[in-house]
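Trainee: Next input, structure requested:
(2 chains, ligands or ions: 1)
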Amino acid sequence: MKGLYQDLIIDHGTKPRRKGIIENPSAKERGHNPLCGDQIEVFLEIDPDGVVKRIRFEGEGCAISIASASLMAEAVEGRPAEEVQALFENVHGMLSGKGHDDLGKLEALSGISQYPMRVKCATLSWHTLMAALKKMGPVSTEGV
Amino acid sequence: MNFQNDFPVYKTYPNLAYLDSAASSQKPSCVIDAMTQMYQSQYANVHRGLYQLSEQATIAYEAARQTVAKFLGALEDQLVFTPGTTASINLVAQAFLLPRLKAGDEILVSRMEHHANIVPWYRLCEQTGAKLIVIECDELGQLDLQAYAKALESHRVKMVALVHVSNVLGTINPIASCISLAKARGVPILVDGAQATAHMPVNVAQLGVDFYVTSAHKMYGPTGIGALYIAKDHFEDMMVYQTGGNMILEVDFDKVTYMSGPPKFEAGTPHIVGAIGFAKACDYLSSIGWNQIMAHEQALLAYLNHALASFSDIKVVGKAASKIGVVSFVMDRVHPHDIASILDHHQVCIRAGHHCAMPLVRYFGYPALSRISLGLNNVQKDIDQLITALDQVRKIFA
Ligand SMILES: Cc1ncc(COP(=O)(O)O)c(C=O)c1O
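Mentor: So this is what the prediction gives:
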């Protein structure tokens, strides 16, 4: 059980960081998992250099999905958007039990790979973030 | 009363608190043994072999039909074996209602239907331009009978499809009254008995219902088989549904004649051994008897309700006066999926989610619910274990 509900997950799941909205965001996207009712909306402010200056999210869901969104927001803020794709793939590798590079704090999510039914809870925010970046086109995803 | 010894799952998991019988029940040894025995020493295809083994299998299969029919208060020539409740409702929708449905016609369903009793009718509406009319329930989870009677006054109502017992709320609907009201208006009615037939006596003949459907796997029987009761006068006025072997009298390339009665709707090789297991499950329930079954489950339900009532952070959803042992709830600050995952760690199995009843769960204003459901396999200790595990949930999220 520790594997799934590590202290960091409970902490971020019950007291999420970077929750809220951004007025006039560079991009925003909604994600929905109709099967479990989880909903999330991700807001991005990307500066002219292609760096994720601010990221906020709003949402409802289980502790895993909220913690994942919160940890994601922490990890992504301040990074060049072009690095986010690689980070996403790394996280995805971890959640599906494949090999991955060390992910620091995000490692708290690694136990979820043992619970296939819950993996989608943890990936919802990431898929939503990727969709938001994609919407911005090459500007964000390639960091032009 | 303790029936746990009947269920071999407890040999593998002695400390299991299985509280998800509404999703699917555990299987007693007698059912497993009857099926093994059939495979080992009585098995052949039915209705085709001219050798003794096939004849034996056919006799066993038809005897199973008789047992299940009797269990539900039907005659054997009114009982179709289908893959389950979902398959049965689709069959009735397509083979019975579709040909008589026009744009603007109405099908009555209730707020508390399982998706299996919504989507097949919705699909008909897509096909024909008919529409679904929804009978609401109150905040206790009880059907609005007045609204139902009122909706039936429309001459456009061509079918009623109602759940006998709600899989989310546990509500036992006043199905006899609902059937009489529909019959008084000459409207055919299907009752979804998936959550009823393991927990209370059902007599379809006495009810006077047109179609009654249920699944063996929620009645301590195997998966992959269910019963569809069709009132006698409807067999002839239904189209064929799935077609192929078994359901025909004669086939040529330019002319096919179909069987009548149940075989008309049993195309292909049926779930022969499933039928044997289904009948055994009915025998199992009959051997215990409804008085004992209902007393056992109601005592556990009272014990559970009492235990849950002492927690101010738990709110039970569905408080109808007449209920089976199904209790859905929400807990402050903790999402149902987190509850179910943590409970699982304590060997407590409950269901969390929308329970295939999205319109109902949404109506109560929650994205998801946790659900405890009770069966013959349960004992008070299961509930104690649940309560202890809920304390752990509270601690983790403190
Ligand atoms: C009320 C109700 N109707 C229909 C069904 C569908 O049954 P099945 O999945 O066996 O077809 C269920 C169970 O999931 C149910 O609880």
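Trainee: For chain A, see how far away residue B:360 is.
Mentor: Distance of residue B:360 to chain A, computed by CB to the nearest CB, to the nearest Å: 13 Å. In this view, the C-beta of every residue, glycine as well, is placed from N, C-alpha and C.
Trainee: what about stretch A:13-22, average pLDDT?
Mentor: Confidence over stretch A:13-22 (mean pLDDT, whole number) is 96.
Trainee: starting at the chain centroid, how far to that stretch?
Mentor: The gap between where stretch A:13-22 is centred and where its chain is centred comes out at 12 Å by CA atoms, centre = their mean, to the nearest Å.
Trainee: which residues sit in contact with residue 53?
Mentor: If you meant another chain, say so; for now it's chain A. Residue A:53 makes contacts with A:45-47, A:77-78, as judged by CB atoms under 8 Å, 6 or more residues apart in numbering or on different chains.
Trainee: wrong chain, I was asking about chain B
Mentor: Each residue near residue B:53 by CB under 8 Å, 6+ apart is listed here: B:42-44.
Trainee: okay, the residue in chain A that chain B sits nearest to: pLDDT?
Mentor: Proximity of chain A to chain B (CB to the nearest CB) peaks at residue A:37, 3.0 Å away. We have a pLDDT of 79 for residue A:37.
Trainee: give the contact list for it.
Mentor: A:60-61, B:353-354, B:367-368.
Trainee: what about it, distance to the ligand?
Mentor: 18 Å (CB to the nearest ligand atom, to the nearest Å).
Trainee: same check, this time on residue B:112
Mentor: When distance is defined by CB to the nearest ligand atom, residue B:112 is 9 Å away from the ligand.
Trainee: Can you give me the neighbour number for the nearest residue to that residue once chain neighbours are set aside?
Mentor: Take residue B:112 and drop its neighbours on the chain: the residue closest to it by CB to CB, 6 or more residues apart in numbering or on different chains is residue B:166, 4.4 Å away. Applying other CB atoms under 10 Å in any protein chain shown, we find 31 residues neighbouring residue B:166.
Trainee: residue at max distance from the center of chain B?
Mentor: Distance from the C-alpha centroid of chain B peaks at residue B:254, with 39.8 Å (CA atoms, centre = their mean).
Trainee: so who does that residue touch?
Mentor: For residue B:254, the contact set (CB under 8 Å, 6+ apart) is empty.
Trainee: Looking at chain B, what residue ends up closest to chain A?
Mentor: residue B:367 (3.0 Å).
Trainee: near chain B at all, the biggest helix by length in chain A?
Mentor: Ordering each helix of chain A by length in residues (DSSP state H) puts helix A:116-135 first. Yes: contact of helix A:116-135 with chain B (CB under 8 Å from any CB of the partner chain) involves A:118, A:121.
Trainee: Only C-alpha atoms, please: export that helix in PDB.
Mentor: Provided in PDB are the C-alpha atoms of helix A:116-135 (Å, rounded to 0.1, in the frame of the first residue of the first chain):
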ATOM      1  CA  PRO A 116      -2.800  -1.100 -13.700                       C
ATOM      2  CA  MET A 117      -6.300   0.100 -12.900                       C
ATOM      3  CA  ARG A 118      -4.900   3.300 -11.400                       C
ATOM      4  CA  VAL A 119      -2.300   4.200 -14.000                       C
ATOM      5  CA  LYS A 120      -4.800   6.200 -16.000                       C
ATOM      6  CA  CYS A 121      -5.500   8.300 -12.900                       C
ATOM      7  CA  ALA A 122      -1.800   9.400 -12.900                       C
ATOM      8  CA  THR A 123      -1.500  10.000 -16.600                       C
ATOM      9  CA  LEU A 124      -4.600  12.100 -17.100                       C
ATOM     10  CA  SER A 125      -2.900  15.400 -16.100                       C
ATOM     11  CA  TRP A 126       0.100  14.600 -18.300                       C
ATOM     12  CA  HIS A 127      -1.900  13.800 -21.300                       C
ATOM     13  CA  THR A 128      -3.800  17.000 -20.800                       C
ATOM     14  CA  LEU A 129      -0.600  19.000 -20.500                       C
ATOM     15  CA  MET A 130       0.700  17.400 -23.700                       C
ATOM     16  CA  ALA A 131      -2.500  18.200 -25.500                       C
ATOM     17  CA  ALA A 132      -2.200  21.900 -24.300                       C
ATOM     18  CA  LEU A 133       1.300  22.100 -25.600                       C
ATOM     19  CA  LYS A 134       0.400  20.500 -28.900                       C
ATOM     20  CA  LYS A 135      -2.400  23.100 -29.400                       C
END
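Trainee: now for that helix, which elements pack on it?
Mentor: strand A:27-33, strand A:38-46, strand A:52-60, helix A:63-76, helix A:81-95, helix A:138-141, helix B:336-345 (3 or more CB pairs under 8 Å, 6 or more residues apart in numbering or on different chains; DSSP states H and E).
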